[in-house]
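K.L.:
I'd like to go over a predicted model; first the sequence, then the structure.
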Amino acid sequence: MKVNQAEIVISAVSPKQYPETDFPEIALAGRSNVGKSSFINTLINRKNLARTSGKPGKTQTLNFYLIENSLHFVDVPGYGYAKVSKTERAKWGEMIETYITSRKQLKAVVSLVDMRHEPSKEDIQMYEFLKYYQIPVILVATKADKIPRGKWNKHVSVIKKALDFDPNDDFIMFSSETKMGKEEAWQAIEDKIRDEHN
Ligand SMILES: Nc1nc2c(ncn2[C@@H]2O[C@H](COP(=O)(O)OP(=O)(O)O)[C@@H](O)[C@H]2O)c(=O)[nH]1
Ligand SMILES: [Mg+2]
């Protein structure tokens, strides 16, 4: 998709605030700092529409971005932030679960993992959760630019093995620095949006 137009619609704290439109939605999930905002910015050719930060755990809202007046990206608050209280964590879990399991417009979840590391327990739980609810997944391994080319395959196998990755899901090596994987990610997203079976 060639993107000229992108805007933030709402930072929603409660489901009542989710946009009442039929636009297909693609949600982004991953631990804090994995590169969700950078992924959105890369795909929509913006420097900083989705706010990026070195400080994890900031966003506790669902941020809806409207793209080309035809599609929503939904930036989901990151998991795995140590300084969040148990109560907040439970609230977070409930918000995500409700959104993912009940949002009719949701076409796929882009699940982001840091390509440098073995997936965390929470990365694995997120993937299992999405598979359990039969949500189409696009797995994106971020920060590929930080790994020498000769080690890509090794890192990919480690991630796939840890996740018990379903070969039917898309797996994309990605870098917001080099734009690697950008076209592939758009292709995967457009396929999910068009897929009549979802
Ligand atoms: N080298 C590199 N850094 C990245 C990449 N993606 C994100 N980052 C950096 O990682 C940090 C967190 O990124 P951000 O997009 O805010 O992560 P979020 O918390 O998941 O939204 C920022 O300092 C980014 O510049 C990438 O592909 N390559
Ligand atoms: Mg972010």
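P.N.:
Great, that's in hand. Numbers count the residues shown, from 1 in each chain. Ligands and ions are numbered 1, 2, ... in the order given.

K.L.:
Check which element follows the one helix or strand Leu66 maps to along the chain.
P.N.:
Assigned by DSSP states H and E, Leu66 falls within strand 62-67. Using DSSP H and E, the helix or strand that follows strand 62-67 towards the C-terminus is strand 71-75.

K.L.:
Is ligand 1 within reach of that next one?
P.N.:
No - Strand 71-75 stays clear of ligand 1 (CB under 6 Å from any ligand atom), getting no nearer than 7.0 Å. Bear in mind the C-beta positions are built from the backbone N, C-alpha and C, glycine included.

K.L.:
what comes up buried for stretch 113-126?
P.N.:
Using 16 or more other CB atoms under 10 Å as the test for burial, stretch 113-126 gives Val113, Asp114, Met115, Pro119, Ser120, Asp123, Met126.

K.L.:
if we can go back for a sec, return the list of helices and strands in contact with the strand holding Leu66.
P.N.:
strand 6-12, strand 71-75 (3 or more CB pairs under 8 Å, 6 or more residues apart in numbering; DSSP states H and E).

K.L.:
Tell me which two of the buried residues of stretch 113-126 sit farthest apart.
P.N.:
Pairwise distances across the buried residues of stretch 113-126 (CB to CB) peak at 16.0 Å, for the pair Met115 and Met126.

K.L.:
Stretch 126-144 near ligand 1 anywhere?
P.N.:
Yes - in terms of CB under 6 Å from any ligand atom, part of stretch 126-144 sits within range of ligand 1, namely Thr142, Lys143.

K.L.:
Please list the residues of this structure that sit near ligand 2.
P.N.:
Lys36, Ser37 (CB under 5 Å from the ion).

K.L.:
residue boundaries of the strands in the chain?
P.N.:
Secondary structure of the chain by DSSP state E: the strands cover 6-12, 25-30, 62-67, 71-75, 106-114, 137-142, 170-173.

K.L.:
surely Thr61 meets Val74?
P.N.:
No - here Thr61 lies out of contact with Val74, judged by CB atoms under 8 Å, at a distance of 10.4 Å.

K.L.:
So the two - more neighbours on which side?
P.N.:
In terms of neighbours (other CB atoms under 10 Å), Val74 is the more surrounded of Thr61 and Val74; the figures are 25 against 16.

K.L.:
can you pull the contacts of that one?
P.N.:
Listed by CB atoms under 8 Å, 6 or more residues apart in numbering, the contact set of Val74 reads Glu25, Ile26, Ala27, Leu28, Leu62, Asn63, Phe64, Tyr65, Tyr99, Leu106.
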